[in-house]
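> My questions are about this predicted structure, shown below with the sequence.
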Amino acid sequence: MPDPQQLLHTLKEYFGYDSFRPLQEKIIDSVFSGNDNLVIMPTGGGKSICFQLPALLLPGVTLVISPLIALMKDQVDGLLANGIQAAFINSSQTENEQQDIYTKISSKEIKLLYIAPESLSFLDAVLSQIEVSLIAIDEAHCISSWGHDFRPAYTQLGYLKNRFPKTPVIALTATADKATRQDICNQLNIIDAKQHLASFDRANLSLEVRPGNKRIEQIIDFLKDKPNDCGIIYCLSRKTTEMLVEKLKSQGFNAEAYHAGIDHHKRSQVQEGFINDTVQIVCATVAFGMGIDKSNVRWVIHYNLPKNIEGYYQEIGRAGRDGLPSSTLLFHSYADVVQLQKFANTSGNQEVQLAKLDRMKQYADSLSCRRKILLSYFGELIEEDCGNCDVCKNPPLFIDGTIIAQKALSTVARIKEQEPMGTVIDILRGAQNTTTLDKGYQNVKTYGIGKDIAWKDWQQYIIQLINQGYLEIAFHQNNKLKLTTLSKKILFDSEKISLAHLQEFEKIKQANIEQ
Ligand code: ADP
Ligand code: ZN
């Protein structure tokens with residue numbers, strides 16, 4: 001086990017940094033202690049060091065499983081430039097190139113070996129001849145069909161722990177809700193993994209949501225006071241990116257489109273141009289930005305509603321990596337919601353996708369601090385409002401919501417967290433339908449105590465409670481409402497809470513529909 005001095009020395013020598021970021025050192029210690037680890041850190045948080053640095057000090061090879069063949073070369077080139085012996089193996093190489101790498105591995109010339117999950121089975125014979133000291137699984141959420149970026153090849157990775165039972169595994173991801181995290185550990189056979197959850201708070205990013213009417217005018221207006229700042233506009237369709245580029249160019253902006261329909265050469269040109277500040281604005285579909293390490297992106301706009309909070313958070317996270325103030329703007333339109341619902345309905349796990357979309361919509365509709373919602377989605381509860389989102393800057397009218405919250409939370413508690421929102425509202429309102437009566441909910445003590453509040457108002461109040469972290473939706477258990485650690489404060493400590501006046505919702509809805 002290396003001492004702290006040695007770790008710092010290696011950090012400086014190979015990576016040029018003077019100190020560790022929060023959690024990095026603790027994670028590295030845990031790797032050296034032989035634990036399996038699950039690291040959840042936002043994009044740009046500094047996950048790579050957590051396996052690259054141990055790789056340098058461990059006796060054998062560190063295998064790095066990474067899904068993005070296109071990025072492997074860049075990653076390996078970066079390491080080589082720092083004097084770190086690294087190589088990659090994937091399907092883009094010739095047999096000779098691969099043979100070359102096998103030879104280097106056998107003669108212990110390689111410390112870090114990047115592999116695509118698809119290539120693992122070919123490597124089996126090679127792996128049995130070498131000492132594997134650490135197995136790093138990057139973008140680990142790809143293993144879970146509950147995550148937002150499922151890759152079938154990842155499901156084979158569970159075998160690694162059986163094959164190398166004594167070798168520690170470190171799985172890393174930027175985006176995983178609680179259920180996905182558990183799924184990752186189960187599938188990788190690392191159920192005792194130490195979980196390291198870094199803060200997802202990116203206080204330098206301002207958050208703003210606006211109704212999606214006259215989006216182009218709004219964007220041009222938004223850009224007027226940022227003439228030289230570079231940024232990304234995410235769109236749902238290729239067509240929209242092209243249309244936007246044309247409009248922006250006609251207004252004198254330096255903008256380019258980026259999507260999967262553009263040929264490879266042109267795409268890398270756009271990417272290079274953006275990195276080198278010769279392209280100011282990129283209008284892109286979701287594919288853009290993966291693996292781009294550009295620190296001075298000053299703003300990110302979502303022209304369309306993203307399909308889930310994970311994706312949204314990852315995309316806005318590409319702004320302000322240098323820590324300087326940066327703006328994000330999301331346009332919210334019900335037409336987008338309908339479109340995304342259609343997509344979700346044709347996807348494999350439609351229920352989960354729809355529930356996630358619902359959560360995204362609730363975020364956009366919210367009248368409470370948006371950062372609280374984002375962070376609570378990732379399991380991080382903050383007590384104070386952020387002061388850097390549109391709701392905090394321009395707060396709606398609030399009412400004392402303590403009694404409303406007590407009624408809702410005690411109902412959820414009494415039915416043992418076994419029902420989704422709709423049934424909870426039915427119970428609160430004393431509905432006499434088959435769901436409530438068949439299960440005997442008329443005998444629940446709170447049955448009917450919320451008769452005075454209309455069904456759709458209850459819905460809005462409960463969404464606010466979810467957004468403030470007092471309730472959560474168990475996506476993987478039929479969307480049942482669950483209590484959180486904050487719920488106790490309301491139920492047992494009589495904490496007071498505020499809820500937004502419902503007329504405010506009506507205003508927002510109206511604005512979103514009128515477009
Ligand atoms: P992630 O994989 O979590 O998205 P990276 O590992 O790519 O993040 O790191 C993001 C950026 O932070 C990179 O530019 C990296 O060089 C830098 N970085 C990582 N660790 C440190 C550190 N301890 N001190 C300073 N910069 C760091
Ligand atoms: Zn806020």
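It's in. Ligands and ions are numbered 1, 2, ... in the order given.
> Grab the longest helix from this structure for me.
helix 350-365 (DSSP state H).
> Which neighbouring elements make contact with that one?
Here helix 350-365 is seen to pack against helix 309-316, strand 326-332, helix 334-345, helix 370-377, helix 455-467, helix 503-513 when contacts are counted using 3 or more Cβ pairs under 8 Å, 6 or more residues apart in numbering; DSSP states H and E. For glycine as for every other residue, the C-beta is placed from the backbone atoms N, C-alpha and C.
> Is it possible to get those out as TSV so that each row also shows mean pLDDT, distance to ligand 2 and mean neighbour count?
Formatted as TSV, these follow (pLDDT from 0 to 100; distance: least, Cβ to the ion, whole Å; neighbours: other Cβ atoms under 10 Å):
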stretch	mean pLDDT	distance to ligand 2	mean neighbour count
helix 309-316	91	14	22
strand 326-332	96	12	23
helix 334-345	88	23	16
helix 370-377	91	5	23
helix 455-467	88	11	21
helix 503-513	61	15	14
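> could those go into JSON lines alongside distance to ligand 1?
Converted to JSON lines, the helices and strands packed on helix 350-365 look like this (distance: least, Cβ to the nearest ligand atom, whole Å):
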{"stretch": "helix 309-316", "distance to ligand 1": "10"}
{"stretch": "strand 326-332", "distance to ligand 1": "16"}
{"stretch": "helix 334-345", "distance to ligand 1": "26"}
{"stretch": "helix 370-377", "distance to ligand 1": "17"}
{"stretch": "helix 455-467", "distance to ligand 1": "27"}
{"stretch": "helix 503-513", "distance to ligand 1": "33"}
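> Any chance of TSV for those, columns distance to G252?
As requested, the helices and strands packed on helix 350-365 are exported to TSV (distance: least, Cβ to Cβ, whole Å):
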stretch	distance to G252
helix 309-316	26
strand 326-332	20
helix 334-345	28
helix 370-377	32
helix 455-467	40
helix 503-513	29
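> Which secondary structure state does K482 sit in?
Following DSSP: H, G, I helix; E, B strand; the rest coil, K482 is assigned to strand.
> related to what we said a few turns ago, with respect to N394, which of the helices and strands packed on helix 350-365 lies nearest?
helix 503-513 (10.7 Å; Cβ to Cβ).
> how close does K407 get to ligand 1?
Distance of K407 to ligand 1, given as Cβ to the nearest ligand atom, to the nearest Å: 42 Å.
> so the helix or strand where that residue lies versus helix 455-467, what angle?
Assessed by DSSP states H and E, K407 sits inside helix 402-414. Here the directions of helix 402-414 and helix 455-467 differ by 80 degrees (axes from the mean of the first three to the mean of the last three Cα atoms, to 10 degrees).
> now helix 402-414, how far from the centre of its chain.
30 Å (Cα atoms, centre = their mean, to the nearest Å).
> From the contact counts, what lies against that helix?
Short answer (3+ Cβ pairs under 8 Å, 6+ apart): helix 402-414 packs on helix 421-428, helix 455-467, strand 471-474, strand 480-483, helix 487-491.
> Please identify the buried residues of it?
I404, A405, Q406, K407, A408, L409, S410, T411, V412 (16 or more other Cβ atoms under 10 Å).
> returning to what we had before: okay if I get the helices and strands packed on helix 402-414 as JSON lines plus distance to R151?
JSON lines is the format used below for the helices and strands packed on helix 402-414 (distance: least, Cβ to Cβ, whole Å):
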{"stretch": "helix 421-428", "distance to R151": "32"}
{"stretch": "helix 455-467", "distance to R151": "30"}
{"stretch": "strand 471-474", "distance to R151": "25"}
{"stretch": "strand 480-483", "distance to R151": "28"}
{"stretch": "helix 487-491", "distance to R151": "36"}
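> For I233, find the nearest of the ones you listed.
That would be helix 455-467 among the helices and strands packed on helix 402-414, by Cβ to Cβ, at 26.0 Å.
> Using PDB, write out every CA atom in the closest one.
Taking Å, rounded to 0.1, in the frame of the first residue of the first chain, the C-alpha atoms of helix 455-467 are listed here in PDB:
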ATOM      1  CA  TRP A 455     -57.300  15.700  -7.900                       C
ATOM      2  CA  LYS A 456     -55.100  17.600 -10.200                       C
ATOM      3  CA  ASP A 457     -54.100  20.000  -7.500                       C
ATOM      4  CA  TRP A 458     -53.000  17.000  -5.300                       C
ATOM      5  CA  GLN A 459     -51.000  15.900  -8.300                       C
ATOM      6  CA  GLN A 460     -49.100  19.200  -8.400                       C
ATOM      7  CA  TYR A 461     -48.600  19.300  -4.700                       C
ATOM      8  CA  ILE A 462     -47.200  15.800  -4.700                       C
ATOM      9  CA  ILE A 463     -44.900  16.600  -7.600                       C
ATOM     10  CA  GLN A 464     -43.600  19.500  -5.500                       C
ATOM     11  CA  LEU A 465     -43.000  17.200  -2.600                       C
ATOM     12  CA  ILE A 466     -41.000  14.900  -4.800                       C
ATOM     13  CA  ASN A 467     -39.100  17.800  -6.200                       C
END
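> Contacts only, for the residue nearest to S366 when sequence neighbours are not counted.
Spatial nearest neighbour of S366, excluding adjacent residues (Cβ to Cβ, 6 or more residues apart in numbering): N467 at 5.0 Å. Listed by Cβ atoms under 8 Å, 6 or more residues apart in numbering, the contact set of N467 reads Q362, Y363, S366, S368, K372, I373, S376.
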